[in-house]
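[1] sequence first, then the predicted structure, then my questions.
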Amino acid sequence: MRGNPEAHELVAPGSLDAVLDLLAKEPNVWTPIAGGTELMVAHAAGRLAAPKLVSLWDIDELRFIQTSTNEVSIGAGSTFLDLRANAMIAAEFPLLARAASWIGSIANQSRATLGGNLVNGSPAADSSPALLVYEAEVEIISVRGRRRIPYCAFHTGYKKNVLAPDELLLAVHVPGRFGQHRQYLRKVGTRRAMAISKVVLAGTALVSGGTVDEIRLAAASLAPYPTRLPATESALQGKTLDDAAACTARTALLNEAKPIDDLRSTAAYRSQVAANLLDEFLSQLHGEARTK
Amino acid sequence: MSPHATIRFTVNGKELEVTPPPMKRLLDVLREDLGLTGTKEGCGEGECGSCSVRMNGDLVNSCMVPVLQVSGATVETVEGLAREDEMHPLQKAFLECGGAQCGICTPGMLMAATHLLRHTPRPTMAEIREGLAGNLCRCTGFIRIFESVVAASTTENETESLQDSHAR
């Protein structure tokens, strides 16, 4: 069934304050819409449940990329093309730039926003694993004020998050302290362009003398929402990078992963591929450690 | 029933005013309200690129833009490529190289290719493939489309007129 535009109200108050006032005045009534790459698909298919929508597009206060000495702050309304076009992000946060380049096509990247990707909360969200291994924080705003929480605490269930009905995601803050870390990000999908992932694995690690000093791992499509992999990290923390450690880590990941069968892949394939990606990251770390 | 909104924007250099429901898709406003049926609907969900247009200099899928968000914007559609009876260099190249067959993807391909050449006048094959990755064709097997873009970008005279039309 086709969507009926007459069945939906859409307003564009034009400023962040005006949007926040509206959300505070009528909580649970208004659904924010930014670039529309998620909600307009539902709308076209006649399955958009939201009767009243408020536009976040063209609100400058949500669209910025600011660098300070120890972090980059990215407005939630920044598009993935904004991220790709930013030389500092390309240089200092390569995983984020690479993830942005995976999002659909150029036409999708010019409209899809970082905030939309996170608030939509798909288990397969492309930008999430990179943000998780960089230990990003998210800043949330409402008429009541602002709060800042670790991004890893943002999602609470399948397509659920901590946002109260009057709150908006304002910005994502990514700390710059991972510059010296070895970094890994790989997406496996049906084809290179325009494909939603079957599985994504990201990692950042510090290795010295063949020993893992620090490691962070995160995945998409292994759980109801993008997550860190704490058990797999623990299996590697402080260990010498050898075959035994890789084997233990692989077992930990297979125990920790909770993928599902769906239209894009199967749970068994996702687990197997995630474990193989981990092997790849660890063998890269091992190779680099050996050549040092 | 939602109140209709009065929306002013510029399409192919012409300032227009429409009063559709604000959630109406830009694609449908172009085709139904403005009679600009060059822009096609393929999938209606941002996967195929048939409805590609440029909006404030960005390539977008017009099936995913609620028309309210076009207020004050500048939109370029395939109808704006040719100048009177002079085809755009990309249109000529698509004709000459067999880049168009059934034609449903062609307006979107032309807009994505226009967008690409505006940023990258001499693209590599990899850049062409990425620039058109969001546009699906079920006739040509893509190679002739890529060759058309190469042809448009390498013809000396046509490069000039490409840049000329870019300035508009």
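    Okay, I see it. Numbers count the residues shown, from 1 in each chain, chains lettered A, B, ... in the order given.
[2] would you say B:Leu27 is within a helix?
    Yes - membership of B:Leu27 in a helix is supported by DSSP: H, G, I helix; E, B strand; the rest coil.
[3] what about the residue lying closest to it once chain neighbours are set aside, neighbour count?
    Nearest-residue entry for B:Leu27: B:Ser62, 4.1 Å, with adjacent residues in sequence omitted and distances by C-beta to C-beta, 6 or more residues apart in numbering or on different chains. In this view, the C-beta of every residue, glycine as well, is placed from N, C-alpha and C. By the measure other C-beta atoms under 10 Å in any protein chain shown, the count of residues near B:Ser62 is 28.
[4] and the pLDDT at B:Ser62?
    Reading off the per-residue confidence, B:Ser62 sits at a pLDDT of 98.
[5] wait, it touches B:Arg31, no?
    No - checked against C-beta atoms under 8 Å, the pair B:Ser62 and B:Arg31 is beyond contact range at 9.1 Å.
[6] okay, and the common contacts of these two?
    Taking C-beta atoms under 8 Å, 6 or more residues apart in numbering or on different chains as the contact definition, B:Ser62 and B:Arg31 share the neighbouring residues B:Thr39.
[7] chain B contacts on chain A?
    A:3, A:5-12, A:33, A:35-37, A:40-41, A:43-45, A:53, A:55, A:57-58, A:81, A:104-108, A:110-111, A:192-194 (C-beta under 8 Å from any C-beta of the partner chain).
[8] now, the residues you listed that are in strands?
    For the residues of chain A next to chain B, the ones inside strands are A:Glu9, A:Leu10, A:Val11, A:Ile33, A:Leu53, A:Ser55, with DSSP state E as the criterion.
[9] and those residues as a markdown table, adding distance to A:Ala235, neighbour count and pLDDT?
    A markdown table is the format used below for these (distance: C-beta to C-beta, whole Å; neighbours: other C-beta atoms under 10 Å in any protein chain shown; pLDDT from 0 to 100):
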| residue | distance to A:Ala235 | neighbour count | pLDDT |
| --- | --- | --- | --- |
| A:Glu9 | 51 | 19 | 97 |
| A:Leu10 | 49 | 23 | 97 |
| A:Val11 | 51 | 18 | 97 |
| A:Ile33 | 42 | 26 | 98 |
| A:Leu53 | 45 | 24 | 98 |
| A:Ser55 | 46 | 21 | 98 |
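[10] once you drop chain neighbours, what's closest to A:Thr211?
    A:Thr240 (5.4 Å).
[11] who's in contact with the one you found?
    Contacts for A:Thr240 (C-beta under 8 Å, 6+ apart) come out as A:Gly210, A:Thr211, A:Val212.
[12] repeat that for A:Ile215.
    Here A:Ile215 is in contact with A:Gly203, A:Thr204, A:Ala205, A:Leu206, A:Glu233, A:Leu236, A:Gln237 (criterion: C-beta under 8 Å, 6+ apart).
[13] ok, now B:His119?
    Applying C-beta under 8 Å, 6+ apart to B:His119 gives no contacts.
[14] over to the residue in the stretch 101-250 of chain A positioned nearest to chain B: give its phi and psi.
    Distances from the stretch 101-250 of chain A to chain B, computed as C-beta to the nearest C-beta, single out A:Ser105 as the nearest residue at 2.1 Å. The phi and psi values for A:Ser105, taken as degrees, to the nearest 10, are phi -110, psi -180.
[15] which strand is the longest one in chain A?
    The strand that spans the most residues within chain A, counting by DSSP E, is strand A:197-208.
[16] run through the neighbouring helices and strands of that strand.
    helix A:94-102, helix A:128-133, strand A:182-189, strand A:211-220, helix A:267-291 (3 or more C-beta pairs under 8 Å, 6 or more residues apart in numbering or on different chains; DSSP states H and E).
[17] and the residue in chain B positioned nearest to chain A, how many neighbours?
    The shortest separation between chain B and chain A is 2.1 Å, found at B:Gly134 (distances taken as C-beta to the nearest C-beta). By the measure other C-beta under 10 Å, the count of residues near B:Gly134 is 23.
[18] also B:Thr74?
    By other C-beta under 10 Å, the burial measure for B:Thr74, its neighbour count, is 15.
[19] I figured it hits B:Met55, correct?
    Yes - checked against C-beta under 8 Å, the pair B:Thr74 and B:Met55 is within contact range at 7.3 Å.
[20] for A:Phe281, which residues are in contact?
    With contacts taken as C-beta under 8 Å, 6+ apart, A:Phe281 has the following neighbours: A:Tyr184, A:Leu201, A:Gly203, A:Ala205, A:Leu217.
[21] how about the residues of chain B near chain A?
    Chain B comes close to chain A at residues B:1-3, B:5, B:20-25, B:28, B:44-47, B:49, B:52, B:58-61, B:63-66, B:68-69, B:71, B:112, B:115, B:130-131, B:133-135, as judged by C-beta under 8 Å from any C-beta.
[22] using the three-state scheme, assign the spatially most central residue of chain B.
    When C-alpha atoms, centre = their mean is applied to chain B, the residue found nearest the centroid is B:Met111 (2.7 Å). When the structure is split into helix, strand and coil by three-state DSSP, B:Met111 lands in helix.
[23] so how far is B:Ala5 from B:Leu68?
    Distance, B:Leu68 to B:Ala5, using C-beta to C-beta, to the nearest Å: 6 Å.
[24] dump the residue contacts of the residue nearest to B:Leu27.
    B:Arg25, B:Leu26, B:Leu27, B:Leu30, B:Thr39, B:Cys51, B:Ser52, B:Val53, B:Met55.
[25] I'd guessed the second one sits against B:Val75; true?
    Yes - under the criterion of C-beta under 8 Å, B:Leu26 is in contact with B:Val75, at a separation of 7.3 Å.
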